[in-house]
Structures are given as C-alpha cells and as structure tokens.
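Visitor: need coordinates for the following:
(one chain, ligands or ions: 1)
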Amino acid sequence: MSRIRAHFYDPAGARYGIPTYPWGMAPPHLLTRRQLTARGLRPGGQPVVAQVLWRSNRYRAPGGVRVAYLYDSRQAMPKRTATQAQLAAIAKACAARRICPHCGVDSGYTIPRSLDSCLECANSPLEIAV
Ligand SMILES: [Zn+2]
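Guide: Below you'll find the model as predicted:
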C-alpha cells in the first residue's frame, strides 16, 4: 500500500471519526448512494457509516482530497415507487404549469414565473394590457 493510500486506511475510524478507506478498498457491503440506487435500494434513514477518501484536484476539491460517503447495504431499504394516483397528480400539476393564464393555450413548456405568460403573450404586450 502506498503512503497516501495507507494515510486514508482507517477502518476503525480512529483518525477520521468514521471508518475510512482508500479508493477501491471499502468492504463490498458499503455502498455509495448511487450504488444503492443502481441496486434498487435507498439508505432508508441510516446515517453515513463510512467514507472513501482519495487524492484528486478535480472540482477544486478542498485540500485536494475528495470524499464519497458510504451506507450499509444490509440496512438499506427498497426504493419506493410512485403510485398511479401520485403519477396522475404530478402529470396534472405539470400540465397546469404549461397553460398560459392570458391566452389559455397549452404552450408545451412550463410558463416562466418571471413572465407569468407564454412567450408569445410576453412578446406582444398590447394583448396583455388590461
Ligand atoms: Zn399566452
């Protein structure tokens, strides 16, 4: 193990407060949120149980060290799926946001809050004038 990898190897959490592993060395049951999602799981309210630290200067990582938080897949719960009623309610709400309050036409896009009308109404101020 290189010096830097050894520096990030702290499975007991003595140095970092929580169990810490270098890149690629975390135990297989500890997964990131995205890895859980890929398996159809969610953290399910559990706290972060461990972390992976690695050297990287991408994204202006503070101190040149990036972190990935890990969850215990054995404590994870299945992802929730929306019911038909929830999907219908969302579709209805989205449709309402596409209808211009001035001309009443479904614009096909969400009406910008800054304009409060479709782009065509916004570009013809005389028609809006009350
Ligand atoms: Zn309009």
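Visitor: what number of residues lie near Arg34?
Guide: 9 (other CB atoms under 10 Å). To be clear about C-beta, it is placed using only N, CA and C from the backbone, and glycine gets the same treatment.
Visitor: let me redo that: Thr81
Guide: Tallying neighbours of Thr81 according to other CB under 10 Å, which is how burial is gauged here, yields 8.
Visitor: give me phi/psi at it?
Guide: Main-chain torsions, Thr81, degrees, to the nearest 10: phi -120, psi 140.
Visitor: so what pLDDT did the spatially closest residue to Leu31 that is not a sequence neighbour get?
Guide: Nearest-residue entry for Leu31: Ser73, 5.0 Å, with adjacent residues in sequence omitted and distances by CB to CB, 6 or more residues apart in numbering. In this model, Ser73 is scored at 96, pLDDT.
Visitor: just confirm Ser73 contacts Gly40, I think it does.
Guide: No - in this structure, Ser73 sits apart from Gly40 without contact. The criterion is CB atoms under 8 Å, and the distance is 11.0 Å.
Visitor: quick one, what contacts the residue nearest to Leu31?
Guide: His29, Leu30, Leu31, Leu36, Arg39, Leu41 (CB atoms under 8 Å, 6 or more residues apart in numbering).
Visitor: one more time with 7 Å
Guide: If a contact means CB atoms under 7 Å, 6 or more residues apart in numbering, then Ser73 has His29, Leu31, Leu36, Leu41 as its contacts.
Visitor: just read off the phi/psi values of it.
Guide: phi -70, psi -20.
Visitor: distance of it relative to the ion?
Guide: Note on Ser73: its distance to the ion, by CB to the ion, to the nearest Å, is 50 Å.
Visitor: do the same with Val105
Guide: In this structure, Val105 and the ion are separated by 6 Å, where distance is defined by CB to the ion.
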